[in-house]
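the following block contains a protein sequence and its predicted model.
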Amino acid sequence: MTEQEQLIHSHHFENGLVLIGQSMPWLESAAFSFQVPAGCRYDPAHQIGVANFVCEMVQRGAGERDSRQYIEALEALGVDYSSNASVYGTHYSGASCAGQLEEALGIFADVMRRPHFPENQLEDGRQVCNQEIAAIEDDLPQRALLRLRERYYGQPDGRDCHGTAQSVGSITLNDLKTFYEKQYRPNGMILGVAGKINWSALKDHVGQLFADWQHKPEIPPLKSPPQHGTCHLPFESQQTHIALAYPGVCYSHPDYYKQLGSVSVLSGGMSSRLFSEVREKRGLCYTVFASNHSVRDRGSVICYCGTSSDRAQESLDVILQQLTNLREGITEDELRRLKVQVRSDLIMQQESCRARAGSITGDWFHFNRVRTLDEINSNISTLTVSEINQFLEQNPPQTFDLVTLGSQPLEMDNNGISPTPIG
Amino acid sequence: MEYRQHQLDNGLTILAECNPRAYMSAFGFFVRAGSRDETPEIGGVSHFLEHMVFKGTPNRSAEQVNLELDEMGSSSNARTGEESTVYHAAVLPEFQSQMVHLMSDLMRPSLREEDFETEKKVIIEEILMYQDQPPYGGHEQLMSSFFGTHPLGQSVLGTVDTVSGLTAHQMRDYFDLRYSPGNIAFAAAGDIDFERLVADLEKSCGDWQSFPANRSPEQADYQTGFECLHKPVSNQQYILQLAPGPDSESEERYASRVATAILGDDSGSRLYWEFLDRGVAESAGAGAYEYLSSGLVLTYICCGPDDAQENINRLKRVQNNFSEKGITQKELDLAKRKIASHIVLSSERTESRMFSVGAQWLVDQPFKSVTEIAQIYESITLEQVNDVIQKYPHQNNMTLVIGPRTDLRPAS
């Protein structure tokens, strides 16, 4: 067992809750990350936004605290906290000085197990959800990317958890409680804790907080097919926002590291191909990137570029050209740079208990175990150019889905071939 | 943890907080050059120069610079503000010398004409990007209205017009005014070999010529008022206010930051309970910003257009109550806990330590460790906070409302 493995612990409680701990004794702080199996993929199809609304309401009083006492208790402990609903889970996370961890977990145990759902705060809570929906309207890159994910993954995995003003408007207190009763449960819940921790004391404490919580049945959501192709959202903006996706593998797929390697070549650093070709050589944009995106069983590579409208077609053409060129493979130099970058990024994670708490929770969700930083480094450092190129030959970037937001639609055929030659 | 410093003969200052237990090393060149040092004709040159620094030197092409940064697996970037430009990188300690030599070389850029014209397009894209993003250039307009003709009112990015009109020659002249070694510090934190750091910097920066690059910062004559920026495509209404606050040398700045946290932190603050908990705004907050001889408090609200007028009135009521009645001991205690916890969490990041070391030099302050800064906040009294609230009432402000509404009025 390596030194890192000794620092990672896990425990399965009988009711299904999984606790993972990573000891980082060089820090003075500790962080936690709860993932509750209450993602918006479990929202009823006509009421998208329930998971997000529940996340808001459970924090408006729980256990012996009302909503003000809840926030004051966290402030008194100096917990820097946040919460959000995503497709698969609702997340509650926080960080503080290590000595405050146990008490902070106790507060969140109340949130998860004993929320009040105060009727007199229902409309305030709904307003908060509506505000979030309204704010996204003004975030143009986000709108393009949300629409792309919605089309690429279909329902329910491509959902925007916020829903619409209409769907949120129809949700009753009873709907929230029904969702809560089904989805807030120990089975399927993951709690990752990292930092200056005492594992055995932590395990006992979490046991006291959660072990008597009853297991509940799981409910599979419905699936409907994705929509592929191109979509334009007309908007009078200075820039056109280009969001592009092509099929990829999901995080737990055996070929994931090879895809990660190929995407890093596109977008991993200042010398990466998209940054270099679209921004550095041609000055077409300020922001351009490609990144891996994954739901549980499917993945994609998503590219984004924001570029002034009169040069948007050229930007799309250059991006498509780079994606096409990727089929021809990557170089030894590119892979060498990627390996150093990954090693550096992983070591940097050792500085942050927050980053580690999030990573170990995410790992458990995708892999049913935690990857040590050594393991990730070893998976990357043993990659070869020929295996990445073989992967790219078998999985060339193609069948692109495109969403554009801006004054004019852009042109691209189904294979991602742009009608105009690259200038 | 050991704090070290050294000055080269040409005036370049070297500062380091050495922590042999750190996993990383972080470095930054801190230059006393920003938009307040620009004349209106060259608006945006500091920021444009920051971009050009990465475009190569007599020893390296732009492409080589990017390759080398990636070869070290570095996390590197730069930022330009009203008073400073900072070039920074974090790497594994084994790359210390290589990174120091690369960064030093970058600080004497070629400013090649061809690179200049290509990068100009990137800057214009950056300006256009912000014009599409809330608050749609509102921050720049508000700074300009608040500071009037004072140089702090100039936009950091510049405008499409000023940037389009800039020449490489003008940039060179600006460089020769501000990038004197006496006007620059190299800050380091993390696992640092300090003797080697000094030797490497002596070798790569020791021959930089020194010249006078003084500033004579004047206190701003703050303006108050109410303005509207009509943005029909915006879905939300944005309300921004600037009010005077303590400057970067004032002893009141710590109390002012505590006051601002109590008023406008993103959770548990007065604005949180008035606006966010009730869902009458999407975001609401306040923050203190300090400059040489001037300071300000920014208050912002994002809400639905229908709620905007009532929110303007509500904000005024909150501000009146805050300055008339002051804060409570309980609020002070909670704010201190929050700040103390924040100090511990951020001190664990090597990069954040490097920024702290460099930022203290920028405002000419003697170095304070994490513990010393934590002690200052711990010692703040109720009276000090209430005094600063009285002295700098936020109601006396310049307000800018941005969005679809054209009929909004100052709070009655």
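Perfect, thanks for sending it.

which residues touch the residue nearest in space to the middle of chain B?
Geometric centre of chain B, nearest residue: residue B:81, 5.3 Å, by C-alpha atoms, centre = their mean. With contact taken as C-beta atoms under 8 Å, 6 or more residues apart in numbering or on different chains, residue B:81 is in contact with B:34, B:35, B:156. In short, each C-beta sits where N, CA and C put it, glycine included.

chain A versus that one, what's the distance?
Distance from residue B:81 to chain A, counting by C-beta to the nearest C-beta, to the nearest Å: 18 Å.

residue A:45 versus the residue of the stretch 101-250 of chain A found nearest chain B, what's the distance?
In the stretch 101-250 of chain A, the residue that lies nearest chain B is residue A:127 (2.6 Å; C-beta to the nearest C-beta). As judged by C-beta to C-beta, to the nearest Å, residue A:127 and residue A:45 stand 24 Å apart.

ok, the two, which is more surrounded?
residue A:127 (21 against 12; other C-beta atoms under 10 Å in any protein chain shown).

check which helix or strand the residue nearest to that one when sequence neighbours are not counted maps to.
Leaving out its chain neighbours, the residue that sits closest to residue A:127 by C-beta to C-beta, 6 or more residues apart in numbering or on different chains is residue B:279, at 2.6 Å. Applying DSSP states H and E as the criterion places residue B:279 outside every helix and strand.

and the residue nearest to the centre of chain B, what are its phi and psi?
The phi and psi torsions at residue B:81 (degrees, to the nearest 10) take the values phi -130, psi -160.

cool, and residue A:63?
Here is the backbone geometry of residue A:63 (degrees, to the nearest 10): phi 60, psi -130.

roughly how far does it sit from chain B?
18 Å.

up against chain A, what does the stretch 51-200 of chain B have?
Contact residues, the stretch 51-200 of chain B versus chain A (C-beta under 8 Å from any C-beta of the partner chain): B:54, B:62-63, B:65-67, B:69-76, B:90-92, B:118-126, B:128-129, B:131-134.

residues contacting the closest residue to residue B:32 other than its chain neighbours?
Excluding its sequence neighbours, the residue lying closest to residue B:32 (C-beta to C-beta, 6+ apart) is residue B:183, at 4.8 Å. Listed by C-beta under 8 Å, 6+ apart, the contact partners of residue B:183 are B:11, B:31, B:32, B:33, B:213.

let's see it at 10 Å
Residue B:183 makes contact with B:11-13, B:30-33, B:37, B:177, B:210-215, according to C-beta atoms under 10 Å, 6 or more residues apart in numbering or on different chains.

is it possible to mark the buried ones in those residues?
Among these, those classed as buried by 16 or more other C-beta atoms under 10 Å in any protein chain shown are B:11, B:12, B:13, B:30, B:31, B:32, B:33, B:37, B:213.

so which helix or strand takes in the closest residue in space to the third one that isn't next to it in sequence?
It refers to residue B:13. Excluding the flanking residues, the one nearest residue B:13 by C-beta to C-beta, 6+ apart is residue B:185, at 4.1 Å. Residue B:185 is part of strand B:184-190 when elements are defined by DSSP H and E.

show me what the helix or strand following that strand is packed against.
Next helix or strand after strand B:184-190 toward the C-terminus (DSSP H and E): helix B:194-205. Where contact means 3 or more C-beta pairs under 10 Å, 6 or more residues apart in numbering or on different chains; DSSP states H and E, helix B:194-205 is packed against strand B:2-7, strand B:13-18, strand B:25-31, helix B:96-106, strand B:184-190.

enumerate every residue touching the residue lying closest to residue B:12 once chain neighbours are set aside.
Nearest non-adjacent residue to residue B:12, counting by C-beta to C-beta, 6+ apart: residue B:181, 3.9 Å away. Residue B:181 is in contact with B:7-13, B:107, B:201, B:205-211, B:213, counting by C-beta under 10 Å, 6+ apart.

hang on, residue B:152 packs against residue B:248?
No. Using C-beta atoms under 10 Å, residue B:152 is not in contact with residue B:248; the gap is 11.8 Å.

still on that earlier bit, just the pLDDT at the residue of the stretch 101-250 of chain A closest to chain B, thanks.
Reported pLDDT at residue A:127 in the predicted model: 95.

that one against residue B:306, yeah?
No. Using C-beta under 10 Å, residue A:127 is not in contact with residue B:306, being 11.8 Å away.
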